[in-house]
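**Q** Model the structure of this input:
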Amino acid sequence: MSNLLNNQTKKKLLDRGPKITPTQEFTLTDIEEKKVEPKGTTPPAKAKEKEKDTEKETVQVQKRTTPQNITSVRVSKATRNKLNALVQLGKAESVDVLIDILLDEYVERNIGKTERKTYDIIVNVLQKKDR
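**A** Numbers count the residues shown, from 1 in each chain. Reported below is the predicted structural model:
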């Protein structure tokens, strides 16, 4: 047994070959000094416009979605197909976001103030229960 522990004649199973190094190395200060833009990026003016658009979209999505555990809901195949069709038309990013939008619209238009307060209380209780 001790001979197995002291035996240093193990073969290397994997030959890694020569060490590969980059031809040029950059530091953060080099990039800041030269203001080099990586390939495939947009000019600063267009980038700012895109950032504003994406910020608006992400704020809307963040309002609608919260980090939660995913669950399933039983619906008919016809309802599922209608939801997926609306998502494919680009009305929402996912079925979850679409359902959230539809629920919000329904609550705003069809539920009165007193009923809405009760609705909000029930939703809050159920959300706290899930935590």
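**Q** In the protein, where is pLDDT below threshold?
**A** 1-12, 35-68 (pLDDT under 70).
**Q** how about 90 then?
**A** 1-73, 127, 129-131 (pLDDT under 90).
**Q** So which residues of it form helices?
**A** Applying DSSP state H to the chain gives helices spanning 2-6, 28-34, 44-64, 77-88, 95-110, 113-130.
**Q** and the direction of the fourth one versus that of helix 95-110, what angle?
**A** Counting by axes from the mean of the first three to the mean of the last three C-alpha atoms, to 10 degrees, helix 77-88 points 100 degrees away from the direction of helix 95-110.
**Q** Show me what counts as buried in helix 77-88.
**A** For helix 77-88, burial by neighbour count (16 or more other C-beta atoms under 10 Å) applies to 83, 86-87. Any C-beta I mention is one placed from the backbone N, CA and C, and that applies to glycine too.
**Q** From those residues, pick the one nearest Arg131.
**A** Leu83 (26.9 Å; C-beta to C-beta).
**Q** Which residue is the nearest non-sequential neighbour of the closest one?
**A** Val95 (4.8 Å; C-beta to C-beta, 6 or more residues apart in numbering).
**Q** Just give me the neighbour total for Val97.
**A** Val97: 17 surrounding residues under other C-beta atoms under 10 Å.
**Q** separation between it and Val87?
**A** Val97 is 8 Å from Val87, where distance means C-beta to C-beta, to the nearest Å.
**Q** do the same with Thr71
**A** The value you get for Thr71 to Val87, if C-beta to C-beta is used, is 18 Å.
**Q** Please name the residues that touch the closest residue in space to Ala92 that isn't next to it in sequence.
**A** The spatial neighbour of Ala92 that comes closest, neighbours along the chain excluded (C-beta to C-beta, 6+ apart), is Leu98 at 3.7 Å. Shown in contact with Leu98 (C-beta atoms under 8 Å, 6 or more residues apart in numbering): 83, 86-87, 91-92.
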